[in-house]
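Enquirer: sequence and predicted structure, then a few things I'm wondering about:
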Amino acid sequence: MITLSPIKRRVVYVVIFEIFAILFSTLALMALSGSAAQESLPVAIMVSVIAVTWNYIYNTAFETWERRKKVRKRTVKIRSIHALGFEMGLFLFCLPIYMLWYSVGIWKATTMQTALMIFFLIYTFAFT
């Protein structure tokens, strides 16, 4: 059996998670936008990079806030606030990308983003 250090384990987890995320996102974006893979793959990669970067920044800031407020336990309320904050930030970062890349309005971009958010809720639960 292979044993990895916590940091290496996290890196392997993120890499495998994001490889599949890019693949699934490309397929979903193709279906949602009616575009070909070569048009949707770059968007999936951009969103993946944004998600990983935002995840690192957001979790670092959230954990700093928890330490400052001396939060001892992540209750359902705190977990919900954490999840909503992360998703809202990701939503705001990605929405303009869909609008510009696919030349769609805010409503179409919102439906694309919402569909992907629902997919990733299920995918993340299944992956972990």
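Expert: Right, received. Where do you want to start?
Enquirer: let me see the mean pLDDT of the longest helix belonging to the chain.
Expert: Using DSSP state H to define each element, the chain has its longest helix at helix 37-68. Averaging pLDDT along helix 37-68 yields 95.
Enquirer: and for stretch 101-115?
Expert: Throughout stretch 101-115, pLDDT has a mean value of 96.
Enquirer: stretch 78-87 now?
Expert: Stretch 78-87 comes out with an average pLDDT of 92.
Enquirer: buried residues in the longest helix of the chain?
Expert: 40-41, 43-44, 47-48, 51, 54, 58, 62 (16 or more other C-beta atoms under 10 Å). Heads up, the C-betas are built off the backbone N, CA and C, glycines and all.
Enquirer: give me the most central residue, the chain.
Expert: In the chain, the residue lying closest to the centroid (C-alpha atoms, centre = their mean) is A51, at 4.2 Å.
Enquirer: how about that residue: what's its closest non-neighbour residue?
Expert: L90 (6.0 Å; C-beta to C-beta, 6 or more residues apart in numbering).
Enquirer: before we move on, back to that, JSON lines please, covering the buried residues of helix 37-68 and showing distance to Y102.
Expert: As requested, these are exported to JSON lines (distance: C-beta to C-beta, whole Å):
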{"residue": "S40", "distance to Y102": "9"}
{"residue": "L41", "distance to Y102": "13"}
{"residue": "V43", "distance to Y102": "8"}
{"residue": "A44", "distance to Y102": "12"}
{"residue": "V47", "distance to Y102": "12"}
{"residue": "S48", "distance to Y102": "17"}
{"residue": "A51", "distance to Y102": "18"}
{"residue": "W54", "distance to Y102": "21"}
{"residue": "Y58", "distance to Y102": "26"}
{"residue": "F62", "distance to Y102": "31"}
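Enquirer: ok, back up a step: surely the residue nearest to the centre of the chain is in contact with F91?
Expert: No: applying C-beta atoms under 8 Å, one finds A51 not in contact with F91, separated by 11.0 Å.
Enquirer: just to revisit the earlier point, to the chain's geometric centre, what's the distance from the longest helix of the chain?
Expert: Relative to its chain's centre, helix 37-68 lies at 6 Å (C-alpha atoms, centre = their mean, to the nearest Å).
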